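Student: need coordinates for the below:
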Amino acid sequence: MPQDDLDPERLKAITSQMVEAITSPAYVEAMRKVKAASNDKRLDEAMRRLTPKALREQGVRLPEDMRISSRYFEEGFKPIEVGEPAGKRNLLAELHAAEPEMFNLIGRLRDRKPDLYQELTERLSVEDAISPLALCGCACGGAATACGGAGAG
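Tutor: This is a model prediction of the structure:
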């Protein structure tokens, strides 16, 4: 890890950029639309609105080198990765892009067959993106279902 990755001023700057991004009107509106969606459409809305590409298209100013890892949380289920952390392939995002109606079926399983929904989303979700040997630092803050963080690793 280059020593300048741990420069306090650099860390303050990237943290400020993340705070600006997750408090921007475009980000807040994207979160409102996801929260307002019905249960069976909420995961679809999250995939359509909260990926890094989708956020940029909606006007959220995310620096190209900034990693934002949106996760979808629902009570009783493990979080679902919406983005593509560390450049890893996200099969759920690919399925959503290729076959939105098939993807909506997964959302409906959440209520009808929760065990199947959990297993399916776990198998299709991105593996842990942080190597067990990585040295990472992260500063996060959040409220009202939004959390932002910035760090060096």
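Student: other SSEs contacting the helix ranked longest in the chain?
Tutor: If each helix of the chain is counted by residues according to DSSP state H, the longest one is helix 8-22. Contacts defined by 3 or more C-beta pairs under 8 Å, 6 or more residues apart in numbering; DSSP states H and E place helix 8-22 against strand 137-143, strand 146-152. In this view, the C-beta of every residue, glycine as well, is placed from N, C-alpha and C.
Student: what helices or strands is the next helix or strand after it leaning on?
Tutor: Proceeding N to C from helix 8-22, the next assigned helix or strand is helix 25-36, under DSSP states H and E. Under the contact definition 3+ C-beta pairs under 8 Å, 6+ apart, helix 25-36 sits against helix 39-49, helix 52-57, strand 146-152.
Student: any idea which of the ones you listed gets closest to residue 21?
Tutor: Closest approach to residue 21 among these (C-beta to C-beta): strand 146-152, 6.9 Å.
Student: residue 24 is nearest to which of the helices and strands packed on helix 25-36?
Tutor: Using C-beta to C-beta, the nearest of the helices and strands packed on helix 25-36 to residue 24 is helix 52-57, at 9.1 Å.
Student: buried ones in the closest one?
Tutor: By neighbour count with 16 or more other C-beta atoms under 10 Å, helix 52-57 contains the buried residues 52, 54, 55.
Student: what would those residues look like in CSV with pLDDT?
Tutor: Below are those laid out as CSV (pLDDT from 0 to 100):
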residue, pLDDT
52, 82
54, 89
55, 88
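Student: with distance to residue 24 added, can I get those in TSV?
Tutor: Shown next, in TSV, are the buried residues of helix 52-57 (distance: C-beta to C-beta, whole Å):
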residue	distance to residue 24
52	14
54	14
55	9
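Student: return the closest of the residues you listed with respect to residue 77.
Tutor: Distance ranking of those against residue 77, using C-beta to C-beta, places residue 54 first at 21.9 Å.
Student: please report the distance of the closest one from residue 89.
Tutor: To residue 89, residue 54 is 17 Å away according to C-beta to C-beta, to the nearest Å.
Student: same deal with residue 48?
Tutor: Look at residue 48 and residue 89: by C-beta to C-beta, they are 19 Å apart.
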